[in-house]
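Undergrad: This is the structure alone, sequence omitted:
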């Protein structure tokens, strides 16, 4: 989906940093929204589904909402979609809390320890089984306009670059991990992306095999 | 985290009278979602607290600084880190979410590396913690791929014209860590003292390590 989230190369956003932009978790509720999203994420819901929900939040809201406001939206939306709660139930709690009712508090140390252990587990990518390309190969990024999620950014499409690494096999985002295939590190000359309006730096991106063709 | 709310301005009026702090819509929604999930047993309150504690206190750029300082001090580790970042970083105990596969890119007099995620906010959590606001906001994400020198200047970094800038767009599940150049005048420093010179931004590429203070 060629949405507002795909900002690489866009102009007109203003300074890259500003006073206050150093904050990681600016307010208490940012931290709780972050942790709540992590703790409630379903093992059956992929990172791709998470990102795609945020991508569909609406263009104006995407730019205006704070970062963890988008996570909060995603977490609630995901839980509604998998059927574990309804928006009406959250509305009801919002009213009760606004009226001064205390929030419930629970603890389950064994389960929490298990959750923390799972968050710390590393699952590195597996080596690519049958990569079509090798370091040094020239490749072109295919042109596309997919209706759903993709991790092939607009600014690279149609450009030619060189494979610098075979990263490994990974689930394909565009089909929510239904298939796995090789992911490649590909190096592009900035001027092959934007012409002589930019400097002579290099841009590198990791791209799934189906985003690439031999050049 | 209970003491990081910077929005206390409304707690007291000019007469010093205490008024309840207005709760934003997002804060109320966060609390309502948490109450709903706690009531249903989908999450427990202690898990939310524990996740926040871990990402505020245990996981952050201090981890990445240890990796960098080790690489500066130990040539064999340096070699392992560049050959297989994930495994070398795991040797120091840093693994988990948003860092399952980590590639370390080394700065040299000829090449300076910068990391970004143009599509969302991918960032190597196990070594840098959660990203600052600017990293996950549209201006940095949009601009650094096309005009890295202008962006770096806004962060106070000016590089020689002959240094090639390499911008790594985290479009897949690989996460990047920049290995900055060891500052001059640090030959006699122990690993812990070296780690103190390694800033978060120097590991993103938007900064350089601190210079050693004259003894």
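TA: Thanks, I have the structure now. Just so it is clear, the model here is predicted, and its values are computed rather than measured. Residues are numbered from 1 along each chain as shown, chains lettered A, B, ... in the order given.

Undergrad: how near is the closest residue to residue A:23 other than its chain neighbours to residue B:121?
TA: Closest residue to residue A:23 apart from its sequence neighbours, by C-beta to C-beta, 6 or more residues apart in numbering or on different chains: residue B:133 at 5.2 Å. All C-beta spots, glycine's among them, are computed from the backbone N, C-alpha and C. Distance from residue B:133 to residue B:121, counting by C-beta to C-beta, to the nearest Å: 10 Å.

Undergrad: same check, this time on residue B:167
TA: Distance from residue B:167 to residue B:121, counting by C-beta to C-beta: 16 Å.

Undergrad: Who are the contact partners of residue A:102?
TA: Listed by C-beta atoms under 8 Å, 6 or more residues apart in numbering or on different chains, residue A:102 has no contact partners.

Undergrad: Could you do residue A:34 as well?
TA: Residue A:34 sits next to A:25, A:68, A:71, B:51-52, B:55, B:130 when contact means C-beta under 8 Å, 6+ apart.

Undergrad: Apply 7 Å and report the result again.
TA: The contact partners of residue A:34, taken as C-beta atoms under 7 Å, 6 or more residues apart in numbering or on different chains, are A:25, A:68, A:71.

Undergrad: Give the rounded mean pLDDT of the helix or strand that it is a member of.
TA: Using DSSP states H and E, residue A:34 sits within helix A:28-40. In this model, helix A:28-40 has a mean pLDDT of 96.

Undergrad: chain center to the next helix or strand after it: distance?
TA: The helix or strand immediately downstream of helix A:28-40 is helix A:47-55, counting by DSSP H and E. On the basis of C-alpha atoms, centre = their mean, to the nearest Å, helix A:47-55 sits 6 Å off its chain's mean C-alpha point.

Undergrad: Can you name every helix or strand that helix A:47-55 contacts?
TA: helix A:67-81 (3 or more C-beta pairs under 7 Å, 6 or more residues apart in numbering or on different chains; DSSP states H and E).

Undergrad: quick one: the helices in the chain?
TA: Because you didn't say which chain, this covers chain A. A:28-40, A:47-55, A:59-64, A:67-81, A:87-98, A:109-120, A:190-194 (DSSP state H).

Undergrad: not quite, I wanted chain B
TA: Using DSSP H, helices in chain B cover B:25-40, B:45-53, B:61-73, B:75-83, B:85-91, B:125-128, B:138-143, B:148-154, B:191-195, B:200-204.

Undergrad: so how far is the first one off the chain centroid?
TA: In terms of C-alpha atoms, centre = their mean, the gap separating the centre of helix B:25-40 from the centre of its chain is 28 Å.

Undergrad: Next, the buried residues of it.
TA: Across helix B:25-40, burial judged by 16 or more other C-beta atoms under 10 Å in any protein chain shown covers B:26-38.

Undergrad: Then the second one?
TA: By neighbour count with 16+ other C-beta under 10 Å, helix B:45-53 contains the buried residues B:45-52.

Undergrad: Mind checking which of residue B:167 and residue B:121 has more residues around it?
TA: residue B:167 (25 against 20; other C-beta atoms under 10 Å in any protein chain shown).

Undergrad: For the residue nearest the centre of chain B, which residues are in contact?
TA: Geometric centre of chain B, nearest residue: residue B:128, 3.4 Å, by C-alpha atoms, centre = their mean. Counting by C-beta under 7 Å, 6+ apart, residue B:128 touches B:61, B:64, B:200, B:203.

Undergrad: By neighbours, which of those residues wins?
TA: residue B:64 leads the contacts of residue B:128 on contacts (other C-beta under 10 Å) with 29 neighbours.

Undergrad: Does that one touch residue B:125 like I think?
TA: No - using C-beta atoms under 7 Å, residue B:64 is not in contact with residue B:125; the gap is 10.3 Å.

Undergrad: one step back: which of the buried residues of helix B:45-53 are close to chain A?
TA: Among the buried residues of helix B:45-53, proximity to chain A is found for B:45-48, B:50-52 (C-beta under 7 Å from any C-beta of the partner chain).
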